[in-house]
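S.K.: sequence and computational prediction follow.
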Amino acid sequence: MTTFLSDRHDTRYGPGSPMLGHLHIDGALLTGILAILIVGLAALYSAVGQNGNLLVGQIVRIGAALAAMLIMAQVEPVFLRRASPFIYLLGLGLLALVLLTGEVGKGAQRWLDLGVRFQPSEIMKLGLPLMLARLLHDQPLPPSFGMIVISLIVILAPVGMIAIQPDLGTAILIILSGATVIFLAGISVRYIIGALGAAVISLPVLWYFVMHDYQKRRVLTLLDPDSDPLGAGYHIIQSKIAIGSGGLFGKGWLNGSQGQLEFLPERSTDFIFAVIGEELGLMGVLTILLIYLFIVGRGLYIAAMAQDTFSRLLAGSISLTFFFYFFVNTAMVTGLLPVVGVPLPLVSAGGTSMVTLMTGFGILMSIQTHRKLLAR
């Protein structure tokens, strides 16, 4: 059955646009992304000091991520819908390979080296919402109880393998990306209440049988960081000092004492938000958060304008997962959530995560600029 939803490309952002249209690039979304990338490079330069290699490496990774975004913007949503089961199964296979032959680092087995060292769990940040959106595309909405159960199985399969590695932060983000698809599909309120109840009931099981000792210490440290100020609580104490000392307008770029004097740990990765807070102050932090919210808002607009169920669910999940990314990191750095190792998106040093995020943005741009006749 064919549904005639639109027979023309969007005239502002599609191929007919005089600027960027022929590349299928959404100008508004690109503007927000570039703004965050510029802020990120400035913050990273301040955080790493004389380590020019790290900064150059980040610039190279940004280039690769932008290339991935551009490539994905050319791929039509119909092709993604057809390829989604294969992407999901590829991700599952690579996660299984990690458990068998993956490289171990810092007590976790998360990496594969296939000529390029990467984390296969990153594939699932897109592979899972792709698969769920494909699964629900041909189903009547809201989804039935049976379809919800199938969707939960699709979510728990990769999450279970990632939790074994262990990688709690990534597992949480992937659960949220999958749960977002189900939520956007119009799940009944009673199912939401039931899921929340099941989550509360499962907390003792997670605490005693799933969580590792270091993960439990992170939760306890959240409740009382001063109980171990030189150990488990050191990160969050120094982070709060840095953010608090920034005041309203900050100490100025390159003038943060906590970051420049290396009191702040992991300042180029998980805790780079504290560097920003110290040097740019509350006004700088609010500006960055507004840019993040602009990107999320633009993504949700694209989701609302999408012309089929697959595109709406996928675009909505990508947008809200990006929101969860920066919310979890900022809440972690400010002591509202336990430290779970989630980087600040598009700012923290690192390659795999950035490429994944930019690939997702490329998919958003594709959904926005390839609006046309859709076949079910």
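M.R.: Sure thing, it's come through. This is a predicted model, so every value here is computed, not measured. Numbers count the residues shown, from 1 in each chain.
S.K.: list the buried ones in the helix or strand where residue 129 lies?
M.R.: Using DSSP states H and E, residue 129 sits in helix 121-137. By 16 or more other C-beta atoms under 10 Å, the buried positions in helix 121-137 come out as 121-137. Placement of C-beta: from N, CA and C, glycine included.
S.K.: then stretch 64-77?
M.R.: For stretch 64-77, by 16+ other C-beta under 10 Å, it's 65-66, 68-69, 72-73, 77.
S.K.: among these, which are located in helices?
M.R.: In this view, the buried residues of stretch 64-77 that belong to helices under DSSP state H are 65-66, 68-69, 72-73, 77.
S.K.: is residue 104 located within a strand, as I assumed?
M.R.: Yes - counting by DSSP: H, G, I helix; E, B strand; the rest coil, residue 104 is part of a strand.
S.K.: measure it to residue 166 for me?
M.R.: 12 Å (C-beta to C-beta, to the nearest Å).
S.K.: next one: residue 56
M.R.: Counting by C-beta to C-beta - residue 56 and residue 166 are separated by 32 Å.
S.K.: and for residue 359, the neighbour number?
M.R.: By other C-beta atoms under 10 Å, 20 other residues sit near residue 359.
S.K.: export only the CA atoms of stretch 166-179, formatted as CSV.
M.R.: C-alpha atoms of stretch 166-179 as CSV (Å, rounded to 0.1, in the frame of the first residue of the first chain):
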residue,chain,number,x,y,z
PRO,A,166,30.7,-3.6,32.5
ASP,A,167,29.6,-0.2,31.1
LEU,A,168,26.8,1.2,33.2
GLY,A,169,26.7,4.6,31.5
THR,A,170,26.3,3.3,28.0
ALA,A,171,23.8,0.7,29.1
ILE,A,172,21.7,3.5,30.7
LEU,A,173,21.8,5.6,27.5
ILE,A,174,20.9,2.6,25.3
ILE,A,175,17.9,1.7,27.5
LEU,A,176,16.8,5.3,27.3
SER,A,177,17.1,5.4,23.5
GLY,A,178,15.0,2.3,23.2
ALA,A,179,12.4,3.3,25.9
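S.K.: what about it, distance to the chain center?
M.R.: Distance of stretch 166-179 from the chain centroid (C-alpha atoms, centre = their mean, to the nearest Å) equals 9 Å.
S.K.: just stretch 143-159 next, same as before
M.R.: For stretch 143-159, the distance to the chain centre is 21 Å (C-alpha atoms, centre = their mean).
S.K.: got the contact list for it?
M.R.: 88, 91-92, 95, 121, 124, 127-128, 131-132, 135-136, 139, 171, 174-175, 178-179, 181-182, 185-187, 191 (C-beta atoms under 8 Å, 6 or more residues apart in numbering).
S.K.: so for it, what gets flagged as buried?
M.R.: Across stretch 143-159, burial judged by 16+ other C-beta under 10 Å covers 143, 147-148, 150-151, 154-155, 158-159.
S.K.: so which of these sit within helices?
M.R.: Counting by DSSP H, the buried residues of stretch 143-159 contribute 147-148, 150-151, 154-155, 158-159 to helices.
S.K.: ok, those residues vs residue 237, which is closest?
M.R.: residue 159 (31.2 Å; C-beta to C-beta).
S.K.: the closest one and residue 324, how far apart?
M.R.: For residue 159, the distance to residue 324 (C-beta to C-beta) stands at 14 Å.
S.K.: residue 344 too?
M.R.: As judged by C-beta to C-beta, residue 344 and residue 324 stand 13 Å apart.
S.K.: if I look at residue 218, how far off is residue 188?
M.R.: Applying C-beta to C-beta, the value for residue 218 to residue 188 is 34 Å.
S.K.: looking at the two, which one has more neighbours?
M.R.: Neighbour totals were compared for residue 218 and residue 188, and residue 218 leads with 22 against 13 (other C-beta under 10 Å).
S.K.: for the lengthiest strand in the chain, packing partners?
M.R.: As assigned by DSSP state E, the longest strand anywhere in the chain is strand 108-113. Secondary-structure packing of strand 108-113 (3 or more C-beta pairs under 8 Å, 6 or more residues apart in numbering; DSSP states H and E): helix 77-101, strand 103-105, strand 117-118.
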